[in-house]
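> Just the structure for this:
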Amino acid sequence: MDRSGDRIRFNVGGEVFETTATTIANAGRESMLGALLDDTWNPTQHRSHEYFLDRNPACFAVLLDLLRTGELHVPPHVPERLLFREALFYGLLDHVRAARWGPFDGNRLRLATSVSGRAPGDGTAVRAGPDGGYSVAHGGLVHVYDWMLEEHRPITLDYQQVNDIGYIDSDSIVLTARERLGKCDGGMGVFSASTGELRHRFRVVHDKKVKSFTAGALSFSSDCKIFASCKGRFNEYGIGVWDENSGNQVDFFYEQPGCSFGDADKLQWLDGCNCLMVATLFPRTDNCFIGLLDFREKSVVWSWSDAGTAASLDEKRVLHAIAMEDNQSICVVNQYDDLGFIDLRSNAGGVRWSSRSKLMNRKVPNEESCYPKLAVHDGQLFSSMNDSISVFCGPDFALTSTLRRSYGGSICDFSIGGDRLFVLHNEENVVDVWETPPSPIV
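Numbers count the residues shown, from 1 in each chain. Just a heads-up that it's a prediction; the model follows:
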């Protein structure tokens, strides 16, 4: 190593690079390169003329430029997967991710790539991972992809139908499954995202006995609790609660008269009020129910239902719901792709419908329709409609962007996580990956 002043020299695979300690410090102390500046780390090379690294020099040049400028420029002759592997070695994966795409913004999203599935028309759900990876459910099989969009070993549930997917962290995936008649299976478990192996199976205890059950919708709280809708053979209908760390059941909210919990389509934990939103929606049930559950008091502190208001299929039926704590409301969508809002401050309020989304609806001829879905992220509202996703912003949720592509058919599901939007198309089983371009370096 030559440290004349601030200069540092590296010999990487026979190619010499000269840079400064200031540039290397941009890697961070937790990285392999940043550790070189730590006086307590003193390998043999520290006393030599230069550092020798038996690694790929072309990738090192790209990563060194990233540390100098904050921008990532990958030459055509450098395979991305090779670059990612080298970035992992140097502890620079977070730098590469940050340079590839910026903080999530629905109004600046660009289609980055599309990943084709292996079973056209069979994808049922897509879920984003916390690090930019994702998973797709196909019946009893879940295909898992890391943030580099490289597929890992799939998770197989032996012909059990997967109902929902959720991430504890980037390498721990929770799956819920339907119990098969006479098989005493179903339930839920946590699996390794990298190997597909079962790590833990969650149990439901009723009357001091372990029961088989069907697990449905999932949600996670900030204090490491896992919630799942549960439906057993006898009286085990309700919402189960498990501890993420121990895997033990810590609570169970039994279904109350007039409140459908076991068949819930959507669960969402609300940190602000320490309540769980439970939504059981059409067509799973004839009458839609949305409620807020307070587990501390075992009570439904707020609820809404369309029982007695929808006389026929021509009426507006709620197909999906999402809670928006900042606006103290719940957004819903119907079969006509209309958005509606329910005020959480009143138990007597109805749905205030708006046809703004319908104005942007574009039905593709001879294409199978999918039920619309909703999501909210950093105050932006997202609604899928046929082959597009609409983005709504502002206090009145005005339509600000529309995301659409011409391949894959209708959208059957989408998910936001790891600063990416993943969109699952119905006909071709294609997952579109949308990213926000990084902000320019000034």
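> Let me see the confidence value for the residue nearest in space to the middle of the chain.
By C-alpha atoms, centre = their mean, the chain has its centre lying nearest to Ala128, at 2.5 Å. Ala128 carries a pLDDT value of 98.
> The one 3 residues further on now?
The score at Asp131 is 91. That number is its pLDDT.
> what about it, distance to Pro103?
15 Å (C-beta to C-beta, to the nearest Å). For glycine as for every other residue, the C-beta is placed from the backbone atoms N, C-alpha and C.
> more neighbours, these two?
Asp131 (19 against 11; other C-beta atoms under 10 Å).
> what ranges of the stretch 301-442 of the chain fall below the confidence cut-off?
309-315, 355-368, 406, 441-442 (pLDDT under 70).
> where do the helices sit along this structure?
Applying DSSP state H to the chain gives helices spanning 21-25, 57-69, 80-90, 93-100, 356-359.
> buried set for the longest one?
Buried positions in helix 57-69, judged by neighbour count with 16 or more other C-beta atoms under 10 Å: 57-64, 66-67.
> Grab the nearest non-local neighbour of the residue nearest to the centre of the chain.
Sequence neighbours aside, Gly417 is the residue nearest to Ala128 in space, at 2.8 Å (criterion: C-beta to C-beta, 6 or more residues apart in numbering).
> right, and Phe414 touches Val126 too?
Yes - contact criterion C-beta atoms under 8 Å: Phe414 and Val126 qualify, at 6.7 Å.
> List the residues that are in contact with both of the two.
Common contacts of Phe414 and Val126 (C-beta atoms under 8 Å, 6 or more residues apart in numbering): 422-424.
> Highest neighbour count among the residues you listed?
Leu424 (27 neighbours).
> who's in contact with that residue?
So Leu424 contacts 123, 125-126, 136, 411-414, 430-431 (C-beta under 8 Å, 6+ apart).
> Number of residues surrounding the residue nearest to Gly129 when sequence neighbours are not counted?
Distances taken as C-beta to C-beta, 6+ apart place Tyr167 nearest to Gly129, at 5.0 Å, with adjacent residues excluded. Other residues lying near Tyr167 total 23 when counted by other C-beta under 10 Å.
> where does Tyr167 land on pLDDT?
pLDDT, read off for Tyr167, is 98.
> 99 is where my numbering starts, stick with that
Got it, first residue is 99 now, which makes that one Tyr265.
> looking at the sheet around it, what are its partners?
Ile271 (DSSP bridges).
> got the contact list for the residue nearest to Ala226?
225-228, 230, 232, 265.
> ok, now Arg382?
361, 363.
> So it versus Ser401, what's the distance?
17 Å.
> likewise Lys329?
20 Å.
> Repeat that for Ser344.
Counting by C-beta to C-beta - Ser344 and Ser401 are separated by 32 Å.
> follow-up on the earlier one: name the member of the contacts of Leu522 with the shortest distance to Phe495.
Phe512 (17.7 Å; C-beta to C-beta).
> Report how many residues lie close to that closest one.
Neighbour tally, Phe512, other C-beta under 10 Å: 25.
> cool, and His475?
Counted with other C-beta under 10 Å, His475 comes out at 15.
> Check the offset of stretch 264-279 from the chain's centre.
Relative to the centre of its chain, stretch 264-279 is centred 13 Å away, using C-alpha atoms, centre = their mean, to the nearest Å.
> Let's see that stretch as CSV, backbone CA atoms only.
Provided in CSV are the C-alpha atoms of stretch 264-279 (Å, rounded to 0.1, in the frame of the first residue of the first chain):
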residue,chain,number,x,y,z
GLY,A,264,-45.5,-12.3,3.8
TYR,A,265,-41.9,-11.4,4.6
ILE,A,266,-40.4,-11.3,8.2
ASP,A,267,-37.1,-10.3,6.6
SER,A,268,-35.4,-10.8,3.3
ASP,A,269,-34.6,-14.5,4.0
SER,A,270,-37.7,-15.5,6.0
ILE,A,271,-41.0,-15.9,4.2
VAL,A,272,-44.4,-16.8,5.9
LEU,A,273,-46.9,-18.8,3.8
THR,A,274,-50.5,-19.5,4.7
ALA,A,275,-52.3,-22.5,3.2
ARG,A,276,-55.7,-24.1,2.9
GLU,A,277,-56.3,-27.3,4.8
ARG,A,278,-57.2,-30.3,2.5
LEU,A,279,-60.2,-32.4,3.5
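> residues of that stretch that come out buried?
264-266, 268-278.
> ok, now stretch 317-327?
Applying 16+ other C-beta under 10 Å to stretch 317-327 flags 317-319, 323-327 as buried.
> Just the closest of those residues to Lys396, please.
For the buried residues of stretch 317-327, the nearest to Lys396 is Phe325 (14.2 Å; C-beta to C-beta).
> Mind listing the residues bridging to that closest one?
Ser317, Val339.
> That one is in contact with Val339, isn't it?
Yes - at 5.7 Å, Phe325 and Val339 qualify as touching, with contact defined as C-beta under 8 Å.
> Now do the buried residues in stretch 305-315.
So for stretch 305-315, counting by 16+ other C-beta under 10 Å, buried means 309-315.
> And stretch 238-255, by the same measure?
In stretch 238-255, counting by 16+ other C-beta under 10 Å, buried: 238-247, 250, 253, 255.
> Centre of the chain to that stretch, how far?
14 Å.
> can you list contacts of it?
So stretch 238-255 is in contact with 178-179, 182, 195, 211, 213, 215-216, 227, 229-234, 256-260, 263, 268, 271, 273, 275, 289, 291-294, 516, 531, going by C-beta under 8 Å, 6+ apart.
> That's all I had, so thanks and see you.
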